[in-house]
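Chemist: Okay, predicted coordinates and the sequence, questions at the end:
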Amino acid sequence: MPALRKYRVDIYALIAYIILAIVLTYPLILNLATHVTGDGSDDPALAWNLWWVPYSLINLGKSPIYTDYMFYPIGLNLAFYTLTYLNAFLSIPIQYAINLVIATNVNLWLSFALSGFGAYLLVKYLLRNSNLQLPTSNFQLAAFAAGALYAFSSNKFLYASLGQFNIASSHWIPFYVLFLLKLTHLLARNHESRITNHVLRSAIRYGFLLGLFLLFQALSEFIFASFLIIFTAIYLAYWFIANRRHVATWGLRLATGLFVAMLVFTIPMLPILSAMISDMLTEGDFIQRGLGFADVFSSDVLGFIVPSHLNPIFGTLPAQFHFAYTNFAYLGFVTLALALLAFWTLRMPRARIWAIFAAIFIAISLGPTLMVNGTRYEVPLPFDLLLEIPIIKGNRYPSRWSVMVTLAFAVMVGYGLTWLFAKSSRISNHVLRFTFYALAVGALLFEHLSMPLPLSDFRIPDVYQTIAQDKSDFTVLEIPLAWRNGFRMTGTLDQAMMFTQWYQTAQRHPILGGNTSRNPELKFQYFTEAPVINSIIAVETGHKLSDAQIERDRAIAPDVLRFFGIKYVVWHSPRNPQNRSALDAARAYVQYVLPVTQISDVNDDTGETVLFRVNDLPPLNQTIVRPNDPLSRLNFAEGWGTLGNSVVWATRREAKMFVRMDEPSAKTFSFSAFAPMPNQRMTVSINGRDVGTVTLSNQTHNYSISMPREMWFSGMNAIDLHFDLLAPVASATGTSPASIVAYSAGNEIGDFAHIFVNGIDVSQNERGYNIVAIDLLSNKIESETFDTFSSADESAQLAQFIDQIPTGQMVAVAVRDTADGRPDMSPNLTEAAVNALRSIGASQDMRGKFRWSHAIMGVKGTATGSTCESASETMPTQCVFGIGAMEPNVAAAIQSIRIEPMSK
């Protein structure tokens, strides 16, 4: 009990923060079991996190870092996803004992409360170690106000209102900062040159806690952990300057604590970090694409003094300004006044350094471009430096630094209130003094008040109970069907799509679509280019298919559904009314093209939900995979070159495939292949188990491997082809002087323009026409890009560029996003530009064809229509010269694969 008495005030503070969290998130308390805070965009996916982590570990016995429950069957590496591991673990008791919605809400309340409590402990520690001679109760009161500011600032409420529970999970930040300060202050209090056991134990203890809270923050939101690493570098730079005379004495002690912290953080993070690094080494750096919207999601200079739109009194003010995005920067006038008071009245370096920290964090939050009421000014800013740091550059929201800005100001508020307490100590009336304090805290909270918070209805339609009761192995096709990451969306941008991920927590079967943060390009393109799936994407995004295309889809739909193992199709009415006609068309497509029977149609508060069951499909006796078969896109995963030719080239040491088996049985795996080098060994594995090795000839031969029954799964099977050797593409081009691929995708179906020359992408990959002129004799390459969508001048420059290309030279062209605007827009793609493209053999006129893909492989001076050219409104397009390599090395060429029952 003495311990309870010692920490009685701290316990009261924590309880107060919990009560404030419940009150200030009104009306959440009234809808605790059915709703969460959010707008239906990010909250379904982030609540899904809490389910997926324990479900994968407990029910599936697999690591949660990898999943094929989304993006089925190709799957995802969730190391790049905002998978809030710690929040998921903390939610387990409540989600298993009660339900997942309540667990999500309790997690949010705890985040608010722990944010306040951590900041309270930090500021109390700083005040107690200051030179201010005041009663401890004054420090506690000032610290409580500072904690209230950090916990209940408008930026945290805004993140909660958007359902971004990961970004709202900023509660471990102040604990980390507290123990970083304790570690460095420990050294300053012990001046002995030798390291005593007491100092060593303390350094290890603080280092352990430092690493632990960094780990906690990384497992709640990795971006904030990167902020803390940057803060550590800034703080240690200040500490070394302030204590430069003692660095030789204290450096080893500090290094001991930091080393312990590094171990405590790094060892548990190794599985996640290794998954990140492995994917980046294989797939390249896909964390950031250009600025990644950083120029939009930045703090505006005026934002620091403009209240949140959620404030019940001042919420209309932001509409009077021209902010590029939601304003997360607001600090509050009481906050600014108390911080300025602390800066001008307190002469302590330990107090003033927090003003410097705040200034640094503000500068970073401004992003790459200075914005003042929406007007941009090109001045150098520190965020540009962060874009050069691996992994850290993945934060494309500079405004998220508002969390660190708020923490620095919370410390300043604590100092400011303490100074006021010192000045008011001569007032003997304690009631008057406490009234003043209560008004100050009330004013801090009022300026950041965000009530009522928007809520998102998480009740699950009844049709999912029907699916959940079916215990067989199958996949669910959700309509709208879409894939989303931090940069783009493929499919319908509708909240109904995000909720399909949440509904998986009830039906517990894989889905094709999904949501992630960062992913290699193929994770989207696999589906975008898949037959029938591509048509669904086209229809639900407002495109009209030809009758011929619909009939082709109808003919192969049973094969596509069988491959994915789809047993149920669920259609959802749109949450956004503007998507109604497109999703109605998607429903009609499902009913006409797919072999399904409607079994349920439910209307509830979430809208209309229609459940279809796939009709019985004929059994699959054998599998034949040919690269030029339209269905082959389904079979080939990572590690392959272009499809559509007579052979497909493996471009990695490990090339992946998928095949489906109705029932396991002994099979013969036969294939026709050749390698560009002698003695190429190829090992075939099924579902992670090696089954045989062959040595490939440099001439086409047929090979076969016997595969016993126990190697196969009933359902989807992963086949990996492992090669011993890789050869440069140039050595495998045969009679062609080079391998060239022009690969184009409009905005809705990929948004890229790749031009690979011998497997190396030489395109500038910018909007509009990307053109590469290749001299096949000298291997000279000239690459340019022309944004013919935005400017007629760009069209003129395109015409000039093509005009100066020598006759007979190879020219590869790919459009990214779009080459021109809609038919009702003034065209910037001019007649001169179109004629220039005709001079390399093209015949398509892209004027008025908004967001079409367009790929050309031509020769300067050839007749119009005499070259490879492909254009499409709904599909990526490509033109290939040579072997079609999209990576710089190749392993072997596969002509066909046949999997059939083993002969008796």
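Modeler: It's in.
Chemist: Low-confidence stretches in the protein?
Modeler: 1-4, 133-134, 188-196, 246-250, 287-293, 393-394, 425-429, 621, 735, 904 (pLDDT under 70).
Chemist: Which helix or which strand is home to the residue positioned nearest the centre of it?
Modeler: When C-alpha atoms, centre = their mean is applied to the chain, the residue found nearest the centroid is residue 517 (0.8 Å). Residue 517 belongs to no helix or strand when assigned by DSSP states H and E.
Chemist: contacting residues for it?
Modeler: 80-82, 485-486 (C-beta atoms under 8 Å, 6 or more residues apart in numbering). Bear in mind the C-beta positions are built from the backbone N, C-alpha and C, glycine included.
Chemist: now do residue 832
Modeler: 795-796, 799.
Chemist: Likewise for residue 482?
Modeler: By C-beta under 8 Å, 6+ apart, the residues touching residue 482 are 489-494, 497, 513, 537, 540.
Chemist: And the strands in the stretch 201-350 of the chain?
Modeler: Counting by DSSP state E, counting those that start in this stretch, the stretch 201-350 of the chain yields no residue ranges for strands.
Chemist: Now residue 542: phi and psi?
Modeler: phi 90, psi 10 (degrees, to the nearest 10).
Chemist: now, the most widely separated pair of the contacts of residue 517?
Modeler: 82 and 485 (10.9 Å; C-beta to C-beta).
Chemist: More neighbours: which of the two?
Modeler: residue 82 (23 against 20; other C-beta atoms under 10 Å).
Chemist: any idea how far that one lies from residue 219?
Modeler: 11 Å (C-beta to C-beta, to the nearest Å).
Chemist: Can I get the contacts of residue 832 in TSV including distance to residue 58 and neighbour count?
Modeler: Putting those into TSV (distance: C-beta to C-beta, whole Å; neighbours: other C-beta atoms under 10 Å) gives the following:
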residue	distance to residue 58	neighbour count
795	59	27
796	63	16
799	63	19
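Chemist: Break down the stretch 501-650 of the chain into its strands, ranges please.
Modeler: 514-515, 566-572, 596-604, 607-614, 623-625, 648-650.
Chemist: Show the contacting residues for residue 759.
Modeler: 651, 729, 739, 885-890.
Chemist: ok, now residue 33?
Modeler: Contacts of residue 33 (C-beta under 8 Å, 6+ apart): 98-99, 101-102.
Chemist: what do you get for residue 538?
Modeler: So residue 538 contacts 545, 873-874 (C-beta under 8 Å, 6+ apart).
Chemist: In PyMOL, select just the buried ones from the residues you listed.
Modeler: Buried members of the contacts of residue 538, defined by 16 or more other C-beta atoms under 10 Å, are picked up in PyMOL with:
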select buried, resi 545+874
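Chemist: Please dump the contacts of residue 538 into a markdown table; it should also carry distance to residue 53 for every row.
Modeler: A markdown table is the format used below for these (distance: C-beta to C-beta, whole Å):
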| residue | distance to residue 53 |
| --- | --- |
| 545 | 40 |
| 873 | 40 |
| 874 | 37 |
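Chemist: Go through the contacts of residue 538 and say which is closest to residue 693.
Modeler: residue 874 (42.0 Å).
Chemist: State the distance from that closest one to residue 547.
Modeler: With C-beta to C-beta as the criterion, residue 874 and residue 547 are 15 Å apart.
Chemist: do residue 500 as well
Modeler: Distance from residue 500 to residue 547, by C-beta to C-beta: 30 Å.
Chemist: With neighbour numbers in mind, choose between those two.
Modeler: In this view residue 500 and residue 547 are compared by other C-beta under 10 Å, and residue 500 has more residues nearby, 26 against 7.
Chemist: Over to the closest residue to the more buried one other than its chain neighbours. Which of the three states is it?
Modeler: Using C-beta to C-beta, 6 or more residues apart in numbering and skipping residues adjacent in sequence, the residue nearest residue 500 is residue 478, 3.9 Å away. Under DSSP: H, G, I helix; E, B strand; the rest coil, residue 478 falls in the strand class.
Chemist: Going by neighbour count, which residues in the helix or strand where residue 706 lies are buried?
Modeler: Assigned by DSSP H and E, residue 706 belongs to strand 701-707. If you call a residue buried by 16+ other C-beta under 10 Å, then strand 701-707 has these buried ones: 703, 705, 707.
Chemist: cool, and stretch 682-695?
Modeler: 682-686, 691, 694.
Chemist: again with stretch 28-40
Modeler: Quick answer for stretch 28-40 (16+ other C-beta under 10 Å): 28, 31-32, 35-38, 40.
Chemist: Find the nearest non-adjacent residue to residue 48, please.
Modeler: residue 501 (5.0 Å).
Chemist: Distance of that neighbour relative to residue 586?
Modeler: Taking C-beta to C-beta, one finds residue 501 at 18 Å from residue 586.
Chemist: ok, now residue 25?
Modeler: 37 Å.
Chemist: now residue 234
Modeler: On the measure of C-beta to C-beta, residue 234 and residue 586 end up 51 Å apart.
Chemist: Over to residue 26?
Modeler: 38 Å.
Chemist: Between those two, point out the one with more neighbours.
Modeler: Legend: neighbour count by other C-beta under 10 Å for residue 26 and residue 586, higher for residue 586 (25 against 12).
Chemist: surely the more buried one meets residue 539?
Modeler: Yes - counting by C-beta atoms under 8 Å, residue 586 touches residue 539, with 4.9 Å between them.
Chemist: and residue 256, what does it touch?
Modeler: By C-beta under 8 Å, 6+ apart, the contact set of residue 256 is 195, 200, 203-204, 207.
Chemist: Run a quick neighbour tally on residue 267.
Modeler: 11.
Chemist: and the gap between it and residue 215?
Modeler: From residue 267 to residue 215 the distance is 9 Å (C-beta to C-beta).
Chemist: hey, what's in contact with both of those two?
Modeler: Counting by C-beta under 8 Å, 6+ apart, nothing touches both residue 267 and residue 215.
Chemist: Could you check the helix or strand where residue 410 lies and say which residues are buried?
Modeler: Using DSSP H and E, residue 410 sits within helix 402-423. Neighbour counts over helix 402-423 (16+ other C-beta under 10 Å) mark 402-421 as buried.
Chemist: cool, and stretch 548-563?
Modeler: Buried residues in stretch 548-563, counted by 16+ other C-beta under 10 Å: 549-550, 552-553, 557-563.
Chemist: Could you export that stretch as CSV, CA atoms only?
Modeler: Backbone C-alpha positions of stretch 548-563 (Å, rounded to 0.1, in the frame of the first residue of the first chain) are rendered in CSV as follows:
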residue,chain,number,x,y,z
ALA,A,548,-18.2,-9.5,-78.1
GLN,A,549,-16.1,-9.0,-75.0
ILE,A,550,-19.1,-9.9,-72.8
GLU,A,551,-19.6,-13.2,-74.7
ARG,A,552,-15.9,-14.0,-74.5
ASP,A,553,-16.0,-13.4,-70.7
ARG,A,554,-19.1,-15.6,-70.5
ALA,A,555,-17.3,-18.5,-72.2
ILE,A,556,-14.3,-18.5,-69.9
ALA,A,557,-16.0,-17.3,-66.7
PRO,A,558,-16.3,-20.9,-65.3
ASP,A,559,-12.6,-21.4,-65.7
VAL,A,560,-11.8,-18.2,-64.0
LEU,A,561,-14.1,-18.9,-61.0
ARG,A,562,-12.7,-22.4,-60.7
PHE,A,563,-9.1,-21.2,-60.7
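Chemist: Now tell me what touches that stretch from outside.
Modeler: Under C-beta under 8 Å, 6+ apart, the answer for stretch 548-563 is 477, 530-533, 535, 545, 589, 592-595, 614, 617-618, 620, 630-631, 634, 658, 660.
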